[in-house]
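Visitor: Requesting a structural model of the entry that follows:
(chains A and B)
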Amino acid sequence: DAKTTQPTSMDCAEGRAANLPCNHSTISGNEYVYWYRQIHSQGPQYIIHGLKNNETNEMASLIITEDRKSSTLILPHATLRDTAVYYCIVRALSGYALNFGKGTSLLVTP
Amino acid sequence: GAVVSQHPSWVICKSGTSVKIECRSLDFQATTMFWYRQFPKQSLMLMATSNEGSKATYEQGVEKDKFLINHASLTLSTLTVTSAHPEDSSFYICSARGWGSFQETQYFGPGTRLLVL
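Guide: So this is what the prediction gives:
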């Protein structure tokens, strides 16, 4: 699986959009970009995934650059409950376990 | 849909005893289940992968005789920590992956916190 690079930490004001970047310059053509988050002392929660088109669901939007070497997870209106560690993971559908890096620790402030 | 449960949510045991943790997929059939371990302020580390009816595949450095994994049905996998010691104290998390629409994504349980005294 391709390696990903994320900032260690980010802050965001409550009600504003949180934009979390991820670099995956060695991504292969068959690899998807997955985003999970882990709230303190809980199991990871699936957010969204995509191949090359932008994706949106009830939780977030995923913007993937045309060359697929980077992506951005957007939480449109961050709340205090969005404070968590966010993991960007690249994996092929036929791959097996998700391998977690260090992720980005997002702090949403009042 | 796609709910994974774990039991117990936390357990305290004496050194030398064995502890069993259950992982269940509640609304889908899990062809593959994964077990992770997470130490404080660290990321999740994959311990093993198990397919229903087959022996588990362990990651390098994980003792298969110490961490016994059973995946006897499509909805249940168990992890038994045998002869637990204080260094085994950790947060154990399982995840499950099915087929069809459930193949694309791994769904995680809430985790089990183990404290060995």
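Visitor: in chain A, which spans are strands?
Guide: A:9-13, A:18-23, A:31-38, A:45-50, A:55-56, A:61-64, A:70-75, A:84-92, A:104-109 (DSSP state E).
Visitor: Mean pLDDT and distance to residue B:108 added to those, as CSV?
Guide: Every residue, glycine included, has its C-beta placed from N, CA and C. Putting the strands of chain A into CSV (pLDDT from 0 to 100; distance: least, CB to CB, whole Å) gives the following:
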stretch, mean pLDDT, distance to residue B:108
strand A:9-13, 97, 22
strand A:18-23, 98, 19
strand A:31-38, 95, 8
strand A:45-50, 94, 7
strand A:55-56, 96, 20
strand A:61-64, 98, 19
strand A:70-75, 98, 18
strand A:84-92, 94, 11
strand A:104-109, 98, 18
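Visitor: Adding mean neighbour count and distance to chain B, write those out as CSV.
Guide: Formatted as CSV, the strands of chain A follow (neighbours: other CB atoms under 10 Å in any protein chain shown; distance: least, CB to the nearest CB, whole Å):
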stretch, mean neighbour count, distance to chain B
strand A:9-13, 14, 13
strand A:18-23, 20, 15
strand A:31-38, 22, 8
strand A:45-50, 18, 5
strand A:55-56, 15, 12
strand A:61-64, 19, 13
strand A:70-75, 20, 15
strand A:84-92, 22, 8
strand A:104-109, 17, 10
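Visitor: dump the residue contacts of the closest residue to chain B within chain A.
Guide: Using CB to the nearest CB, the closest approach of chain A to chain B is made by residue A:43 at 3.9 Å. Listed by CB atoms under 8 Å, 6 or more residues apart in numbering or on different chains, the contact set of residue A:43 reads B:4, B:6, B:93, B:95, B:108, B:109, B:110, B:111.
Visitor: any idea how far the residue in chain B positioned nearest to chain A is from residue A:74?
Guide: Closest to chain A within chain B is residue B:108: 3.9 Å, counting by CB to the nearest CB. Distance, residue B:108 to residue A:74, by CB to CB, to the nearest Å: 22 Å.
Visitor: Perfect, I'm done here.
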